[in-house]
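Enquirer: How does the following fold in three dimensions:
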Amino acid sequence: MEYQARPISNTFSKLRRPFDNPVSFVKPNPVFKPIPSKHHQPSSLLYDPANVLGADKIAAINNAGKIVFHALGDTGGINGTATQDELAVQMENQLEAAAPADAPAFFFHLGDVVYYNGISSDYKPQFYEPYQYYRAPIFAIPGNHDGDNTVYPGDPPDHESSLTGFFLNFCTPTRVPSPESPYRYTMDQPWPYWTLQAPFVTIIGLYSNIDGSLDKPGAHTKSQHQYNWFVDQLKSADPAKCLILAVHHPPFSLDAVHGGYQDILDAIDSAAAASGRAPDAVFTGHVHNYQRFTRTTGSKQCPYVIAGAGGYANTASSMHQLQRDRATADGSFPLPFQTTIPDLILENYNTVNPGFLRITVDAQILKGEYFINSFDNTPPPAAPFDTFELDWKAGKVA
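Expert: Below is the predicted model of the structure:
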């Protein structure tokens with residue numbers, strides 16, 4: 001099946017999905033901003049975490065027989081960082097309290113690091129200060145707001161090209177002290193889309209641009225540079241490691257604002273068919289809540305997880321709610337919930353609390369835990385809100 005990004009015509013209004021449909025209609029005029037030509041893509045987009053963790057830490061992870069890391073997206077506190085700060089403290093406490101083998105090795109950010117338009121001056125208040133006490137490295141993929149240099153109301157004028165702030169803070173040639181913080185160095189990730197080759201896990205990070213496309217919509221397949229790279233990464237990924245896909249825009253979502261992104265879904269499915277390998281798990285952000293789906297393809301089950309309540313949504317009313325079932329009095333539906341896609345089940349969701357993921361991966365099992373906080377300064381619960389396990393070798397979710 002040949003992948004082709006394809007806008008669908010509807011020039012008058014956004015089409016409303018049925019409440020149980022997790023994929024939105026494609027925008028007729030999607031916004032796409034190419035990575036500026038002043039940045040030169042390196043020959044390899046692979047990253048060895050030993051560059052930042054050091055050989056001793058990598059050896060300790062291998063000796064422990066597992067790797068642990070945090071993940072969440074949509075953190076930028078343009079409206080105040082109180083929620084982001086509380087989540088950071090919660091993550092810091094997990095780092096400090098854990099035995100060495102259980103301490104998260106890094107935090108993988110799922111995009112929208114700063115709001116609204118990725119300007120470099122926003123990194124100090126929205127990124128470096130909230131995470132100044134977090135002692136593990138932070139990797140990232142860009143979200144739409146990291147690449148969108150449109151000036152929004154209330155945001156300072158932006159004369160920078162797309163992704164300027166992201167390149168200055170996550171893609172420097174070598175790690176150097178950040179000019180915005182005395183505590184954290186910049187990161188030397190190779191590119192906005194890239195692959196982290198860690199012990200026990202390979203994480204392919206994609207850049208889904210402004211409106212949820214890997215490459216310019218409508219471009220011919222030969223011009224789909226990121227998609228073609230994605231296929232190559234799936235082909236070459238170590239079969240002895242769990243394979244995680246991280247992308248900002250979710251392919252599935254039952255929320256009432258965005259929904260899932262058809263072009264991202266098509267890219268994942270087409271790349272899996274072309275490469276002969278599909279991701280074992282998919283982690284996304286963009287939607288400001290938590291949703292966990294199980295997708296069954298043939299005999300393989302794959303968790304698709306949205307963790308986009310990382311701090312931008314700083315009140316309960318600013319969280320993204322799910323579309324309502326208008327056939328019921330309160331609009332709710334039972335879990336697990338069958339979507340309009342026959343092989344896609346919503347297993348759990350949270351639209352009232354901010355939160356983050358703690359992921360543990362070993363030679364056979366991926367364990368996911370979603371921890372929540374609150375908007376009213378009450379102590380967060382010690383136990384996770386949601387827990388799931390994936391036998392990634394067998395492709396079975398428990």
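
Enquirer: can you give me the strands in the stretch 1-150 of the chain?
Expert: In the stretch 1-150 of the chain, the strands defined using DSSP state E, counting those that start in this stretch lie at 46-47, 66-72, 107-109, 138-140.

Enquirer: Give me the distance between the two termini of stretch 30-48.
Expert: Stretch 30-48 has its terminal residues 34 Å apart, counting by Cα to Cα, to the nearest Å.

Enquirer: got the contact list for the residue most central in space within the chain?
Expert: Nearest to the geometric centre of the chain sits residue 110, at 2.7 Å (Cα atoms, centre = their mean). Neighbour list for residue 110: 71-74, 141, 143, 246, 248, 283-285, 307-308, 310 [criterion: Cβ atoms under 8 Å, 6 or more residues apart in numbering]. Glycine gets a C-beta too; all of them are placed from N, C-alpha and C.

Enquirer: one more time with 6 Å
Expert: 73, 246, 285 (Cβ atoms under 6 Å, 6 or more residues apart in numbering).

Enquirer: Skip the chain neighbours and tell me the closest residue to it.
Expert: residue 73 (3.0 Å; Cβ to Cβ, 6 or more residues apart in numbering).

Enquirer: Give me the local confidence score for that neighbour.
Expert: On the pLDDT scale, residue 73 is placed at 98.

Enquirer: For this protein, give me the ranges with low pLDDT.
Expert: By pLDDT under 70, the weakly predicted segments of the chain are 1-12, 155, 219-222, 327, 329, 331.

Enquirer: Mind listing residues that contact the longest helix seen in it?
Expert: The residue-count maximum for a helix in the chain (DSSP state H) belongs to helix 82-97. Contact with helix 82-97 is made by 70, 75, 77, 103, 130-131, 133-134, 311, 314, 354, 356, 373, 380, as judged by Cβ under 6 Å, 6+ apart.

Enquirer: Tell me the buried residues in it?
Expert: Neighbour counts over helix 82-97 (16 or more other Cβ atoms under 10 Å) mark 83, 84, 85, 86, 87, 88, 90, 91, 92, 94, 95 as buried.

Enquirer: before we move on, the earlier item: so which of the strands of the stretch 1-150 of the chain comes closest to residue 20?
Expert: strand 66-72 (26.3 Å; Cβ to Cβ).

Enquirer: which residues are contacting the closest one?
Expert: By Cβ under 6 Å, 6+ apart, strand 66-72 touches 61, 91, 102, 104-108, 198-201, 283, 307, 310, 356-362.
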